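Engineer: got a predicted structure here, sequence first:
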Amino acid sequence: MNTLSDLISARLAQLKSWRREFHHYAESGWLEFRTATRVADELHKLGYQLQLGREVIDADARMGLPSETVLKQQEARALQQGALPQWISHFSGGFCGIVATLETGRPGPVIGFRVDMDALDLNESQAEDHLPQREGFASCNPGMMHACGHDGHTTIGLGLASVLMAMKDQLSGTIKIIFQPAEEGVRGARAMVAAGVVDDVDLFTAIHLGTGVPAGELVCGSDSFLATTKLDVNFTGVGAHAGGRPEEGRNALLAAAQATLALHGLTQHSGGVARVNVGVLQAGTGRNVVPDCALLKVETRGVTNQVNDDIYQQALRVIAGAAAMYGVEHQVTLMGAARSCTPTQPWVDFIHQQAEALGVFDSVVDRKAQAAGSEDATYMMERVKQRGGQASYAIFGCDLAAGHHNAKFDFDEQVMPVAIAMLATLALNQAQFGGDQ
Ligand SMILES: O=C(O)C[C@H](NC(=O)Cc1c[nH]c2ccccc12)C(=O)O
């Protein structure tokens, strides 16, 4: 009988080829058409039961969806770039989610894994010292780049699916692998939770590679995610002749500018860390026109859901106040959201103990004080916990060529087999959970 490590070794070339394909055809959030068709096809060939598109994405719970025009254009482009036509109808319109299920037929819990598939809105470096460029697999899509490692996550999900199917006679319970769109901007997970994809999951693990964790280290229960809300604000004023009749205008630019300055003062909270960022301010149309339009792209963050909710409510008051000051209309659109969430300690302990026993890590830690980012997998974790299940977020340390969200980001591909070995071990040994650890 093949051991887990033999099965993974036999797939190293396949892993590299998948990862480089996904990297080359990078697709931003809600536009993962080519990637999703390829993932669905591989999972189908492996023999997984698939739930696709609208079955796993609640249309109304999607946040930050691109326009109909962009969705159509990008789907057409994906087809030109080799998206598989037999699968595309499931994902059409921004429904690029997949859940692969393996029912072993033997009693046991439902163990769930979540990986994400989207790229960032970023141009990839074309410098020769950037390995993906040098080796010919840099993104072919302008303004879209896998600069956070989700190409690796997608590959880890497929590799895990492949080895678990090969070992299915040794598994019990049910295995569920969730491929999520639109993690960037924290837009996709809520829609999958609303569609019920984790409602039957007893043991849940989401993953990330890199994030500054050194190569050879595993963080079993990352717990440093900030709750966050992303919002677009459109101010609508009245244009007027800036010299002749300025008093007839209603200045949307000034409202947006006033709001921006006030928003950046909103980070005081006795509950702990709070953040506000206005990342984009666009306004006006011409030098001698009182600006009648302005757009702000804003995010709030907080160490707890409560802190973020409080800051968000204050932000809404500041925005409304700034609009009122200048007599302009304003409209707020929710573009994304994520929660803070603590992993459940028994599952963190189990991952820790299984990782030590696997013996492929130099260092295994429960948690790590980290740069403060956000993650919408926290929605899934919260839902699983609500139902009495176990949930955690594991980070696989690895060497990075440059930081996340940088045009020269690249990760050492050796992390992929390590992550697959770890996650497969959890699935193989989950019957031991809750017993004598
Ligand atoms: O809010 C978002 O858009 C999600 C995005 N998420 C990440 O970057 C993932 C992440 C979370 N924590 C870390 C720490 C370092 C790198 C990346 C991360 C963020 O925080 O801006």
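Structural biologist: Now that the structure is in, tell me what you want to look at. The structure presented is a predicted model; accordingly, all values stated were derived computationally and were not measured.
Engineer: which parts of the chain sit against the ligand?
Structural biologist: 184-186, 211-212, 228, 370-371, 373-375, 404 (CB under 6 Å from any ligand atom). To be clear about C-beta, it is placed using only N, CA and C from the backbone, and glycine gets the same treatment.
Engineer: out of these, which one has the weakest pLDDT?
Structural biologist: Within the residues of the chain next to the ligand, residue 371 has the lowest pLDDT, namely 64.
Engineer: what is the neighbour count of residue 320?
Structural biologist: For residue 320, the neighbour count with other CB atoms under 10 Å is 14.
Engineer: quick one: residues contacting it.
Structural biologist: By CB atoms under 8 Å, 6 or more residues apart in numbering, residue 320 lies in contact with residue 330.
Engineer: switch to 10 Å and redo it
Structural biologist: Contacts for residue 320 (CB atoms under 10 Å, 6 or more residues apart in numbering) come out as 233, 259, 330, 332.
Engineer: so what are the sheet partners of the helix or strand containing the first one and their directions?
Structural biologist: Assigning secondary structure by DSSP states H and E places residue 233 in strand 227-236. When pairing is defined by DSSP bridges, strand 227-236 lines up against strand 293-302 (antiparallel), strand 329-338 (antiparallel).
Engineer: in JSON lines, list the ones you listed along with mean pLDDT and mean neighbour count.
Structural biologist: Converted to JSON lines, these look like this (pLDDT from 0 to 100; neighbours: other CB atoms under 10 Å):
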{"stretch": "strand 293-302", "mean pLDDT": "98", "mean neighbour count": "23"}
{"stretch": "strand 329-338", "mean pLDDT": "97", "mean neighbour count": "18"}
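Engineer: closest one to the ligand out of the residues of the chain next to the ligand, please.
Structural biologist: residue 373 (2.4 Å; CB to the nearest ligand atom).
Engineer: burial measure for residue 309, as a count.
Structural biologist: So residue 309, with other CB under 10 Å, has 14 neighbours.
Engineer: that one: what secondary structure?
Structural biologist: Classification of residue 309 using DSSP: H, G, I helix; E, B strand; the rest coil returns helix.
Engineer: how far away is it from residue 288?
Structural biologist: Computed as CB to CB, to the nearest Å, the residue 309 to residue 288 distance reads 42 Å.
Engineer: what's the answer for residue 52, then?
Structural biologist: 53 Å.
Engineer: excluding covalently adjacent residues, which one is nearest to residue 70?
Structural biologist: Excluding the flanking residues, the one nearest residue 70 by CB to CB, 6 or more residues apart in numbering is residue 31, at 7.4 Å.
Engineer: contact partners for that neighbour?
Structural biologist: So residue 31 contacts 65-66, 70-71, 73-75, 77-78, 91, 94, 96, 118-119, 141, 144, 181-182 (CB under 10 Å, 6+ apart).
Engineer: are any of these buried, and which?
Structural biologist: Among the contacts of residue 31, those scoring as buried are 65-66, 71, 74-75, 77-78, 91, 94, 96, 118-119, 141, 144, 181-182 (criterion: 16 or more other CB atoms under 10 Å).
Engineer: what's the burial count for residue 359?
Structural biologist: Residue 359 has 7 nearby residues by other CB under 10 Å.
Engineer: please apply the same query to residue 196.
Structural biologist: Residue 196, neighbours per other CB under 10 Å, totals 13.
Engineer: how about the one 5 residues further on?
Structural biologist: Neighbouring residues of residue 201 were enumerated by other CB under 10 Å; the total is 24.
Engineer: begin at 701 from here
Structural biologist: Yep, numbering from 701; the last one is residue 901 now.
Engineer: surely it meets residue 814?
Structural biologist: Yes: using CB atoms under 10 Å, residue 901 and residue 814 qualify as a contacting pair, with a distance of 9.4 Å.
Engineer: shared neighbours, the two?
Structural biologist: With CB under 10 Å, 6+ apart, residue 901 and residue 814 have common neighbours 876, 878, 1080, 1091.
Engineer: in strands only, show me these.
Structural biologist: Among the shared contacts of residue 901 and residue 814, the members found in strands (DSSP state E) are 876, 878, 1091.
Engineer: what ranges does the stretch 801-950 of the chain have for its helices?
Structural biologist: Taking DSSP state H, counting those that start in this stretch as the criterion, the stretch 801-950 of the chain carries its helices at 831-834, 850-866, 889-894.
Engineer: okay, the longest one in CSV with CA atoms only?
Structural biologist: In CSV, the C-alpha atoms belonging to helix 850-866 read as follows (Å, rounded to 0.1, in the frame of the first residue of the first chain):
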residue,chain,number,x,y,z
HIS,A,850,-4.1,31.7,-3.7
ASP,A,851,-2.8,29.9,-6.8
GLY,A,852,-0.9,27.8,-4.2
HIS,A,853,-4.0,27.4,-2.1
THR,A,854,-6.1,26.2,-5.1
THR,A,855,-3.3,23.7,-6.0
ILE,A,856,-3.2,22.5,-2.4
GLY,A,857,-6.9,21.9,-2.5
LEU,A,858,-6.7,19.9,-5.7
GLY,A,859,-3.6,18.0,-4.4
LEU,A,860,-5.4,17.2,-1.2
ALA,A,861,-8.4,16.0,-3.2
SER,A,862,-6.2,13.8,-5.3
VAL,A,863,-4.3,12.0,-2.4
LEU,A,864,-7.5,11.6,-0.3
MET,A,865,-9.3,9.9,-3.2
ALA,A,866,-6.3,7.6,-3.6
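Engineer: sorry, back to before: in the strand holding residue 933, which residues are buried?
Structural biologist: Buried, per 16+ other CB under 10 Å, within strand 927-936: 927-935.
Engineer: residue 1050 contacts residue 1133, correct?
Structural biologist: Yes: taking CB under 10 Å as the definition, residue 1050 is a contact partner of residue 1133 at 5.1 Å.
Engineer: find residues that contact each of those two.
Structural biologist: Common neighbours of residue 1050 and residue 1133 (CB under 10 Å, 6+ apart) are 903, 1090, 1126.
Engineer: the last one sits in which helix or strand?
Structural biologist: Element membership of residue 1126 [criterion: DSSP H and E] is helix 1115-1129.
Engineer: that helix to helix 850-866, inter-axis angle?
Structural biologist: 40 degrees (axes from the mean of the first three to the mean of the last three CA atoms, to 10 degrees).
Engineer: what residues does stretch 939-947 touch?
Structural biologist: With CB under 10 Å, 6+ apart as the criterion, stretch 939-947 contacts 948-952, 984-993.
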